[in-house]
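> Fold the following for me, if possible:
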Amino acid sequence: MPEQIDGRGYGRTMIDRYELIVVGAGPCGIAVGAAARKSGLSCVLFDKGAVTSSLLNYPYYMTFFSTAVMLEVGDVPFTIPDSKPTRREALAYYRRVVEHWDLDVRQYEEVVEIEGAEGDFTVKTRRANGADIIYAASAVVVATGGFQAPNFLGVPGEDLSKVRHYYHEPYAYYDQDVLVVGAGNSAVEAALEMFRNGSRVSLVHFLDTIDRGVKPWVVPDITNRLERGEIPVYWRHRVAEVRSGSVVLRSEDDESETELANDFVVAMTGWRSDHSQLAALGVDIDGETGIPVHDPETMRTEVPGLYIAGVIAAGHNANKIFIENGREHGGLIVADRLRAAAP
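Numbering: from 1, shown residues only. Prediction:
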């Protein structure tokens, strides 16, 4: 048995046992932890990164579409001067929720294996120093979000360092030829921000218009830039190849190709969930939607004692579940655990 190190101490050899282990410490994982704490269930959260690590990958100056009150979890008020919070305000808020409920969050401790069955799960984690630790739980919640891996373009040259699947801020792209791939919120906002900070930005999208989910107050701005040609756009085109000094686009209509001078490709093509742990435990994943089979009333999968929470429940359509509806999953899960424990 590997040496155990309990949350805030050192050197135990017995397995720590919890009623609930949560894999992932994003907003929805935190909501599960707060619901468990409120109901008196022992609970620990593990994350391979920092608390709310998914938000750390958002653009630095992003403003949420949702209002602050819709992002609240654990009955902790999200009080800010404006109605819609910034990324920075959200990061501070979720840290405050962790502190308010004194949640046991193990940062930089990745869950590498889950075994067992309801009432007797074994969870193996790996810390940043390489140490493997074993924990036990009556039930496990997988709340790893929808940002485990990018949706790759799958074209020659995508492995070049000039191709980025994330966007933080515009300054690295000053006076550069940049192609933004996609026409959703992330793509549109990145294109606008880089345009206003001295980049030569173009946009490419396989459809013929921006996505319907683009924030309403952003639509007039991007529409004006596109109509005036300030941001050239290639509708119904896809990236066919990325080269060291250029990028090749291919038309969806006639397969003709267009080569553009290019320094960077910012591929805002979305991210996807990692279902490997769920599948290894016997959870069926719908081949078409990517949604793990589960009961939406309890968030329980077909494997007794194993639950999902947050964006991972949305499958390929990450826009189906946001923090504002994923935050409710914690209450559903804890209520189901309390029912299971009732005599």
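> contact partners of stretch 186-204?
Defining contact as C-beta atoms under 8 Å, 6 or more residues apart in numbering, one finds that stretch 186-204 is touched by 59, 61-62, 167, 169-171, 173-181, 183, 205, 210, 214-215, 218, 221-222, 225-226, 230-234, 237-239, 249, 260, 266, 268. C-beta coordinates here come from the backbone N, C-alpha and C atoms, glycine included.
> how about that stretch: buried residues?
186-195, 199-204 (16 or more other C-beta atoms under 10 Å).
> Which residue comes closest to Ile210 once chain neighbours are left out?
Ala183 (4.4 Å; C-beta to C-beta, 6 or more residues apart in numbering).
> Output the below-cut-off pLDDT ranges for this structure.
Scanning the chain with the threshold set as pLDDT under 70 gives 1-15, 318-319, 321.
> Next, name the residue at the spatial heart of it.
The residue lying closest to the centre of the chain (C-alpha atoms, centre = their mean) is Phe147, at 3.5 Å.
> Surely that residue is in contact with Asn57?
Yes. Counting by C-beta atoms under 8 Å, Phe147 does reach Asn57; the two are 6.4 Å apart.
> Need the three-state assignment for the nearest residue to Asn317 once chain neighbours are set aside.
Residue nearest to Asn317 in three dimensions, not counting chain neighbours: Thr289, with 7.2 Å by C-beta to C-beta, 6+ apart. Secondary structure, DSSP: H, G, I helix; E, B strand; the rest coil: Thr289 is coil.
> start at 21 instead
Okay, residue one is now 21; in that scheme the one you just asked about reads as Thr309.
> in which helix or strand would I find Val208?
Element membership for Val208 (DSSP states H and E) is helix 205-215.
> Repeat that for Val52.
Going by DSSP H and E, Val52 is part of helix 47-59.
> Buried residues in the lengthiest strand in the chain, which are they?
Counting residues, the longest strand found in the chain (DSSP state E) is strand 152-162. Judged by neighbour count (16+ other C-beta under 10 Å), strand 152-162 contains these buried residues: Ile153, Ile154, Tyr155, Ala156, Ala157, Ser158, Ala159, Val160, Val161, Val162.
> got it, and stretch 88-104?
Of the residues in stretch 88-104, those buried (16+ other C-beta under 10 Å) are Ala88, Met90, Leu91, Glu92, Val93, Gly94, Val96, Phe98, Lys104.
> Could you work out the end-to-end span of that stretch for me?
The straight-line separation of the ends of stretch 88-104 (C-alpha to C-alpha, to the nearest Å) is 6 Å.
> Residues in contact with that stretch: which ones?
With C-beta under 8 Å, 6+ apart as the criterion, stretch 88-104 contacts 47, 50-51, 54-55, 57-58, 83-87, 105, 109-110, 113-114, 116-117, 120-121, 343-344, 347, 350.
> circling back: now the residue nearest to the centre of the chain. Nearest residue, chain neighbours left out?
Nearest to Phe167 is Trp291, by C-beta to C-beta, 6+ apart, at 4.3 Å.
> now Pro324
Nearest to Pro324 is Glu138, by C-beta to C-beta, 6+ apart, at 4.0 Å.
> Can you show me the strands along the stretch 71-220 of the chain?
125-126, 129-137, 140-147, 152-162, 169-170, 183-184, 197-201, 220-225 (DSSP state E, counting those that start in this stretch).
> nearest to Asp315, of those strands?
Set against Asp315 and scored by C-beta to C-beta, these come closest in strand 152-162, at 13.7 Å.
> Wait, the residue nearest to Pro324 touches Ala159, no?
Yes. Glu138 is within contact range of Ala159, at 6.5 Å (criterion: C-beta under 8 Å).
> Give the residues shared as contacts by the two.
Common neighbours of Glu138 and Ala159 (C-beta under 8 Å, 6+ apart) are Gly325, Leu326.
> coming back round to it: ok, the residue nearest to Asn337 - contacts?
Applying C-beta under 8 Å, 6+ apart, the residues contacting Thr309 are Gly335, His336, Asn337.
> Neighbour-wise, which one of these leads?
When neighbours are counted by other C-beta atoms under 10 Å, Gly335 leads the contacts of Thr309 with 20 neighbours.
> Excluding sequence neighbours, find me the nearest residue to Gly44.
Gly44's closest residue in space is Ala163 (C-beta to C-beta, 6+ apart), at 3.9 Å.
> Provide a list of residues in contact with that neighbour.
Val42, Val43, Gly44, Gly46, Cys48, Gly49, Val52, Ile328, Ala329, Gly330, Ile332, His349.
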